[in-house]
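> fold the following and give me the result.
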Amino acid sequence: MRQRRTASVTRPSPLAQCPPSSDDRDRPTVRLAAVAVGLAALAAACGGGGGSSAEAPPGCTTADGQTLTVIGTDKLKFDQECYTVGSGQVTFDYKLSPESNQIHDLRIDGQAGLFLEIDALTREAVGSVGLAPGRYDLFCSISGHREAGMEAELFIS
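I've put the predicted structure just below:
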């Protein structure tokens, strides 16, 4: 009977063959930096529901102090497309236009603290809410009104 010889061959690990380059050592840092930049860009792009900093475009109606007057019309529009007011406690004076006989309400997208409703009898409602600087959307939540264009931008500085 023949005896089999077995030889044990040890191969070095591929990682042991080459020392790590400076590129390999810096790669986790580069990845982390890329993720941080991506998250910052994503956060900056998500301005719409409020709280994000944004500058009001020219032509926005500016509130007198901390009281903002908004008028709802029969054309399913507000009297302005854009309003500005300072941050903090903001008072909304919501009115029905003289020719209007429809029911409207006023809400701020993402802010449950404000709900004002007006109709041909009440014609005016007043309410306040605390708002941080940023861009917000005002709208009427009566069925079909927002879809017809009854919304406006609100910029808090």
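> past the helix or strand bottoming out on mean pLDDT in the chain, which element shows up next along the chain?
Using mean pLDDT, DSSP states H and E, helix 22-45 stands out as the lowest-scoring helix or strand of the chain, at a mean of 42. Using DSSP states H and E, the helix or strand that directly follows helix 22-45 along the chain is strand 61-62.
> adjacent strands (with direction) for that next one?
Based on DSSP bridges, the strands next to strand 61-62 in the sheet, each with its direction, are strand 82-85 (parallel).
> pull out the buried positions in the partner strand.
Counting neighbours by 16 or more other CB atoms under 10 Å, one finds that the buried residues in strand 82-85 are 82, 83, 84, 85. For the C-beta atoms, the positions are set from N, CA and C on the backbone; glycine is no exception.
> and the second one, bridged to which residues?
According to DSSP bridges, the residues that bridge with residue 83 are residue 61, residue 154.
> if I look at it, how far off is residue 70?
As defined by CB to CB, to the nearest Å, residue 83 lies at a distance of 7 Å from residue 70.
> mutual contacts of those two, please.
Shared contacts of residue 83 and residue 70, defined by CB atoms under 8 Å, 6 or more residues apart in numbering, comprise 138, 152.
> quick revisit: dump the buried residues of strand 82-85 to CSV, plus pLDDT.
Supplementary listing: the buried residues of strand 82-85 in CSV, determined by pLDDT from 0 to 100:
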residue, pLDDT
82, 97
83, 97
84, 96
85, 96
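> which of the residues you listed lies closest to residue 142?
Minimum separation from residue 142 among those (CB to CB) is found for residue 83, which lies at 19.7 Å.
> quick one: residues contacting the closest one.
Taking CB under 8 Å, 6+ apart as the definition of contact, the neighbours of residue 83 are 60, 61, 62, 63, 68, 70, 138, 152, 153, 154, 155.
> tell me the pLDDT at residue 20?
With respect to pLDDT, residue 20 scores 53.
> before we move on, back to that, any quick ChimeraX command for the buried ones out of the contacts of residue 83?
Applying 16+ other CB under 10 Å to the contacts of residue 83 leaves a buried subset, and the ChimeraX line that selects it is:
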select :60,61,63,68,70,138,152,153,154,155
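> residue 77: which of the contacts of residue 83 is nearest?
Nearest to residue 77 among these is residue 152, at 8.4 Å by CB to CB.
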